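Q: how would this look folded up:
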Amino acid sequence: MVEKDEKTLHVAMYSWFALGHLTSFLQLANKLAERGHKISFFLPTKTQSKLTPHNHHPHLITFIPIKVPAVIGLPCGAETAANVPYEDRSMIMSAMDLTKDTIDSLLSQLKPDLVFFDFTEWLPALARKHGAKSVYYICNSTRSWWGLFTAPS
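A: Modelled structure (predicted):
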């Protein structure tokens, strides 16, 4: 748990809409929550039921469902990379890009200290706009690593 002198953080997370990325982000969220940090975890609406059993700290990790916007060519109801053929995964990214205004509004309300992200290159500017640092978190099948990137003001 958190020592009295250690500051707890509010962390927002917005991962690529693929289960491998989402579960990696949730593993990190669980580790951060073990230390007493609060997590706001953005994820596609229908995907929440798949991750809920793996949320070990529901009192600190809050799932915030994001409606995946319709994109021409994206199958109706598709929310993650698993829902489309490999060659059509760019449509998931196009849909994620259309969530920018939603994420902007949520960051404005939540006021996190840090925002973890991977494939949304527009997220650091939004984080900065709302006074948060952005953390580019890259995961792969064998391990995860992260780096803190802060752009000049």
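
Q: ok, Asn111 touching Lys129?
A: Rather than Asn, residue 111 is Lys. No - the criterion here is Cβ atoms under 8 Å, and Lys111 misses it with Lys129 at 11.5 Å. Heads up, the C-betas are built off the backbone N, CA and C, glycines and all.

Q: go ahead and confirm Ser108 touches Gly131.
A: No - assessed by Cβ under 8 Å, Ser108 is found out of contact with Gly131, at 10.2 Å.

Q: how much space between the nearest residue to Ala78 once chain neighbours are set aside and Leu98?
A: Counting by Cβ to Cβ, 6 or more residues apart in numbering, the nearest residue to Ala78 once its immediate chain neighbours are dropped is Val84, at 5.5 Å. Using Cβ to Cβ, to the nearest Å, Val84 is found at 15 Å from Leu98.

Q: who's more crowded, those two?
A: Set side by side, Val84 and Leu98 show more neighbours around Val84, with 17 against 14, by other Cβ atoms under 10 Å.

Q: separation between that one and Ser134?
A: Distance from Val84 to Ser134, by Cβ to Cβ: 27 Å.

Q: thank you, goodbye.
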